[in-house]
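S.K.: I need the structure of the sequence given here:
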Amino acid sequence: MASVLDSLVDKQGDSVKSAAWYQQNVRKIAGKATARALMASGKLNARPSTGRLNLFFYDPKTKDRLPYYDTFPLVLPLEGIRGGFMGMNFHYLPPVLRFRLLELMQRYATSRDLKSTTRMDVSYDRVGALPIVRPTIKKYLWSHVRSSFLRIDIAEAAIAVYLPVQRFKKRTSSYVWSQSRRMM
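M.R.: Numbering: from 1, shown residues only. The predicted structure follows:
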């Protein structure tokens, strides 16, 4: 089954485009690129793909105490923790900053091309001190993951960061993004 993102990956070709290009072109597929459609048409794994972005459904253990949370995070895993993993949830940043963060992480790519085998070799020790990373660091427990993990290959990553699929509970995206900017 073809992915919802395939048409834009084909248009993108083998080169990285500008932030404006991704923003403009993602708007064209935004209606088709819902959380459910993405999950139904993508590459699903039982565990998150290390070095790649991953989308999945999540129900936080401490949601009653959290001021807000994302139930469909876009995460770049950083390291394992007891009972789960820690990663950067790009949804906690507005799309323009997500793209900037992705560009920073791509400096750690295992290859400069957009092959499906290319990964971002990152860890918390390597990137955790960067101000733009701080608001994105989240912990995820295996027992609260509610779906498989949709693997986002490097060629799809810039498209994925612009997709409006974040699902914040208790607060709006705008509010969450303003709080994230304060943390930087």
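S.K.: Skipping its backbone neighbours, what lies nearest the one residue sitting closest to the centre of the chain in space?
M.R.: With distances taken as C-alpha atoms, centre = their mean, the residue of the chain nearest its centroid is residue 74 (2.6 Å). Closest residue to residue 74 in three dimensions, ignoring its sequence neighbours and counting by C-beta to C-beta, 6 or more residues apart in numbering: residue 90, at 4.5 Å. The C-beta positions use only the backbone N, C-alpha and C, and glycine is treated the same way.
S.K.: who touches the one you found in this structure?
M.R.: Contact criterion C-beta atoms under 8 Å, 6 or more residues apart in numbering gives 53, 74-76, 98, 101-102, 136, 161 as the residues in contact with residue 90.
S.K.: Next: residue 57.
M.R.: Taking C-beta under 8 Å, 6+ apart, we find residue 57 in contact with 35, 39, 71-72, 145-147.
S.K.: Please apply the same query to residue 116.
M.R.: Residue 116 makes contact with 153-155, according to C-beta under 8 Å, 6+ apart.
S.K.: now with 7 Å?
M.R.: By C-beta atoms under 7 Å, 6 or more residues apart in numbering, the residues touching residue 116 are residue 153.
S.K.: Can you show me the strands along the chain?
M.R.: Shown for the chain, the strands assigned by DSSP state E span residues 43-45, 53-55, 69-70, 74-81, 84-89, 137-141, 149-152, 168-169.
S.K.: Could you export the ones you listed as JSON lines, including distance to residue 126?
M.R.: Converted to JSON lines, those look like this (distance: least, C-beta to C-beta, whole Å):
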{"stretch": "strand 43-45", "distance to residue 126": "23"}
{"stretch": "strand 53-55", "distance to residue 126": "17"}
{"stretch": "strand 69-70", "distance to residue 126": "23"}
{"stretch": "strand 74-81", "distance to residue 126": "9"}
{"stretch": "strand 84-89", "distance to residue 126": "12"}
{"stretch": "strand 137-141", "distance to residue 126": "13"}
{"stretch": "strand 149-152", "distance to residue 126": "20"}
{"stretch": "strand 168-169", "distance to residue 126": "28"}
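S.K.: Right, I'll call it a day here.
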